[in-house]
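Sequence plus predicted model, see below.
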Amino acid sequence: MSAAGSGGRVLPARPGDPSKIGPYRIIGRLGSGGMGTVHAGLDATGARVAVKVIRAAHAEDPEFRARFRREVQLSARVQGPCLIPLLAADPEAGAPWLATEYAPGPTLDQHLSEHGPLAGGMLYALAAGTAHALAAIHQAGVVHRDVKPQNVILTPTGPRVLDFGIAHAADGTSVTRTGVMTGTPGWISPENYRTGTAGPDGDMFVWGALVAYAATGRLPFGTGAPDAVAYRVMSGDPDLDGVPAELREILEQALAKDPEERIPAIGAAEKCSLLLASEATQVIPAEGPGLEPTRVGDLVAAEWDLPLPDDPTWQSPAGRRKGRTVAMLIGAAALIGAITGVLLSQTNSPSDSLANQPAPATDTASRTPDAARSSGKGSAGAVKSTKTADSSEATLATWKESRPARTPAEHDTFGAMGTGAWLDPVDYPDQEHTLTFHERRAEVYITASGQELPPVAVHEIAELACLGLRDINESYPDFPYNEYVVVDTAGKDGPSIVWEDNFRANTTCSTSVQNRDTSGESQGSEWRPTDAGLEQAQIPSTDETEIRVAEESVNSIISEWQGNSRARNQPEWLDHYNMSVGFAPDEGAMYVWASKPNWDQPTRDRWADIAADVACQAVLAEARSGKEWRYIQYAVAIDVGDSSADFLRWGSAGACAS
């Protein structure tokens, strides 16, 4: 689910929201995430501010409060062009908060998605501004560690780098098979992938990738599974086709594999400023290297061309909306990104906690009702409705927009789904369900309340909902809905969307994990996996075939294991960060492992059956392809830490040949 910014629109306050935080009067919300809320506020002079408030549950955690205090300290330390100044903060308050100035604007990735790559003066302004921002950060003794398009906001007068130090303060880490590292997959330096090292040189590598992305609209190391992208970052050349020659030379220096060969931020800032100055010669004459920050701001503003969005909700004095200097702007979407892109990732909580965010627009060619979010388990039938340009994954905001049943078909839908007796009342005595409808989005919402749903209950509700909707569609051929969305309102973190699927496409109403054989069969091979083999498999591969097979296998296992479940906060959740595939050449074996030491044995066995089936078919298919392929064995394991594993299934390609 996308965590889109509001683009500067103030959303209504919700019951319980404060009317005042510190010296600021609160007039609405800019966004909400798992760790806190960003409020829209006004100071005593009417200037617009964005106030981030940490949730009470996290404020009670001494360690989290210490990290937030560190965030405030780092934010106050760094000053410079194209950065976001801190106005005020109170990390010791009952509900800790910090405030910054506000200006609307999209994040870089949002702008590129809607308008395409930057060029000319706009591109050079982005490169120069972000490089100067990183130079100021590094000169203050701070490492950003999370440079990415979501952390660059395009304000009406220039780019802004946000979240500096938040990766430090919030300790935004993720564990991969190559160690511990900070950052966002795809926006990580080679040395960070290899050793977890994250320094100023690493910031510059990712800066080079970011500017290349802005110039071409393509990720310089491609897309796909995080493991595959990591291999390309560590061993492949970046795709810089289409980058202007003068800028390409700078980016090649930034993207050097060896950190010591990379251009420093101040050097990149000076070179990009010269490119920007040459582009703006008709406006402001270039005066050579060493441009002062104020001149950099003038150059950026001279070449920048983004409109100032208007929002009548803001009640600020006339004249304050224009003429703001470069150093005094901050983006609302940027702060929302700070909450959702960094703070949400710390708990792996689903982005659907952005309850008030509008769903982002997507490619409507691929989001028609019969294709939207297809589970891949069957082909869609005839579809009678067409989604609008806001088609996207359901959010809590779209759930709140849904309405009760009105038409005869809608009234009959509840009965078709099982007359409400979806879960065993003995096991779920307090469980209640309601149905609401979002006709424009062709979505039916099943809201479960009373007690938090475990994964098995989510799968049961999803299956019954799918079967009921297929039945009702038989009775009402013009039934205008395609999607069914399960919302659990009793979770410890509040309402969340835990399932979404297309009942027309999912012709068997399969939920995958419910239908797996969990019996522990004996292994069919004399070969046995070893800890040494698993350790060798954890070394990143550079072989294209191995990378492809690993990526395809991981995707297949995840799809089979959890179907279309979106309950990321559940213990059974799997993704590319806690499951991997690798190869041990010395043993001729493909290893599949999940970092789930807390799984009980029945859960391990269910997952192992799925993983073993996929792994066996993968090695068999490659062995039969006629190409050079050395792997005929496979093993499935749970990584339990301390360099040891619980090997659950293993065998050879011949075991699944029949």
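Okay, I see it. Just so it is clear, the model here is predicted, and its values are computed rather than measured.

Confirm that Glu393 sits in a strand.
No. Secondary structure of Glu393 (DSSP: H, G, I helix; E, B strand; the rest coil): coil, not part of a strand.

Check Asp258 and give its pLDDT.
With respect to pLDDT, Asp258 has a value of 93.

and if you look at Glu287?
At Glu287, the pLDDT recorded in the model is 44.

For Ala462, see how far away the residue nearest to Met417 when sequence neighbours are not counted is.
The shortest distance from Met417 to any non-neighbouring residue, by Cβ to Cβ, 6 or more residues apart in numbering, is to Gly468 (3.2 Å). (Glycine included, C-beta is placed from N, CA and C.) Note on Gly468: its distance to Ala462, by Cβ to Cβ, to the nearest Å, is 11 Å.

The chain - how does it break down into domains?
For the chain, automatic domain parsing gives the domain ranges 20-353, 364-511, 531-656.

Which parts of the stretch 401-550 of the chain are strands?
432-438, 443-449, 483-488, 496-502 (DSSP state E, counting those that start in this stretch).

Strand partners (parallel or antiparallel) of the second one?
Based on DSSP bridges, the pairing partners of strand 443-449 within the sheet are strand 432-438 (antiparallel), strand 483-488 (parallel).

Mind listing what's buried along that strand?
Going by neighbour count (16 or more other Cβ atoms under 10 Å), the buried part of strand 443-449 is Glu443, Val444, Tyr445, Ile446, Thr447, Ala448.

related to what we said a few turns ago, what's around the residue nearest to Met417, how many residues?
Around Gly468 there are 25 other residues, counting by other Cβ atoms under 10 Å.

Take the domains of the chain and write them to a markdown table, including distance to Pro12.
Output for those, formatted as a markdown table (distance: least, Cβ to Cβ, whole Å):
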| stretch | distance to Pro12 |
| --- | --- |
| domain 20-353 | 6 |
| domain 364-511 | 11 |
| domain 531-656 | 26 |
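
Which of the ones you listed comes out lowest on mean pLDDT?
Here the lowest mean pLDDT among those goes to domain 364-511, at a mean of 72.

Next one: Leu30 relative to Trp97, how far apart?
The gap separating Leu30 from Trp97 is 13 Å, by Cβ to Cβ.

which of those two has more neighbours?
Counted by other Cβ under 10 Å, Leu30 and Trp97 do not tie: Leu30 has more neighbours, with 29 against 24.

right, and that one touches Asp17 too?
No. The criterion here is Cβ atoms under 8 Å, and Leu30 misses it with Asp17 at 11.8 Å.

overlap in contacts of these two?
Between them, Leu30 and Asp17 share these contacting residues under Cβ atoms under 8 Å, 6 or more residues apart in numbering: His39.

if we can go back for a sec, out of the domains of the chain, nearest to Ala13?
When those are compared for distance to Ala13 using Cβ to Cβ, the nearest one is domain 20-353, at 5.2 Å.

which residue ranges form the helices in the stretch 151-300 of the chain?
Assigned by DSSP state H, counting those that start in this stretch, the helices in the stretch 151-300 of the chain fall at 166-169, 190-195, 200-216, 226-235, 245-254, 265-279, 293-303.

wait, which of the domains of the chain is closest to Leu11?
Comparing the domains of the chain against Leu11 with Cβ to Cβ, the closest turns out to be domain 20-353 (4.6 Å).

and the gap between Val614 and Ser580?
Taking Cβ to Cβ as the measure, Val614 falls 13 Å from Ser580.

what does Ala93 give?
Distance, Ala93 to Ser580, by Cβ to Cβ: 42 Å.

Between those two, point out the one with more neighbours.
Between Ala93 and Ser580, counted using other Cβ under 10 Å, the more crowded position is Ser580 (24 against 13).

and the strands paired with strand 443-449, which is most packed in?
Neighbour counts (mean count of other Cβ atoms under 10 Å) averaged over each of the strands paired with strand 443-449 peak at strand 483-488, with a mean of 26.

If I take that one and strand 496-502, what angle do their directions form?
160 degrees (axes from the mean of the first three to the mean of the last three Cα atoms, to 10 degrees).

overlap in contacts of Val614 and Ser580?
With Cβ under 8 Å, 6+ apart, Val614 and Ser580 have common neighbours Val592.

isn't Asp412 right up against Ser475?
Yes. Assessed by Cβ under 8 Å, Asp412 is found in contact with Ser475 at 7.1 Å.

Report the contact partners of Val229.
Counted by Cβ under 8 Å, 6+ apart, Val229 has contacts Pro185, Gly186, Leu219, Phe221, Gly222, Thr223.

From Val142, how far out is His31?
If you look again at residue 31, you'll see it is Gly, not His. Distance from Gly31 to Val142, by Cβ to Cβ: 25 Å.

three-state assignment of Lys52?
strand.

Across the sheet, point out what pairs with it.
Under the criterion used (DSSP bridges), Lys52 bridges to Val38, Leu98.

Out of the helices of the stretch 151-300 of the chain, indicate the one that is most buried.
Counting by mean count of other Cβ under 10 Å, helix 200-216 has the highest mean neighbour count of the helices of the stretch 151-300 of the chain, with a mean of 25.

Determine how far it lies from the middle of the whole chain.
Relative to the mean C-alpha coordinate of its chain, helix 200-216 is positioned 19 Å out (Cα atoms, centre = their mean, to the nearest Å).

returning to what we had before: now render the strands of the stretch 401-550 of the chain as a markdown table, adding distance to Phe68.
A markdown table is the format used below for the strands of the stretch 401-550 of the chain (distance: least, Cβ to Cβ, whole Å):
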| stretch | distance to Phe68 |
| --- | --- |
| strand 432-438 | 37 |
| strand 443-449 | 32 |
| strand 483-488 | 28 |
| strand 496-502 | 24 |
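
quick one: which of the ones you listed is nearest Asn555?
Of all the strands of the stretch 401-550 of the chain, it is strand 496-502 that lies closest to Asn555, at 17.3 Å by Cβ to Cβ.

So which elements touch the closest one?
The helices and strands touching strand 496-502, judged by 3 or more Cβ pairs under 8 Å, 6 or more residues apart in numbering; DSSP states H and E, are helix 396-401, helix 455-475, strand 483-488.

Please work out which of these is packed deepest.
strand 483-488 (a mean of 26).

Restricting to C-alpha, output that one in CSV.
What follows is strand 483-488 as a C-alpha-only set of coordinates in CSV (Å, rounded to 0.1, in the frame of the first residue of the first chain):
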residue,chain,number,x,y,z
GLU,A,483,-12.8,-6.5,-4.7
TYR,A,484,-13.4,-7.7,-1.2
VAL,A,485,-11.5,-6.1,1.7
VAL,A,486,-11.3,-7.4,5.3
VAL,A,487,-10.7,-4.8,8.0
ASP,A,488,-9.8,-5.8,11.5
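
Report the angle between that strand and helix 455-475.
150 degrees.

Run through who's touching strand 483-488.
Residues outside strand 483-488 that contact it (Cβ under 8 Å, 6+ apart) are 369, 372-373, 394, 396, 399, 441-448, 452-453, 458, 461-462, 465-466, 469, 495-503, 567.
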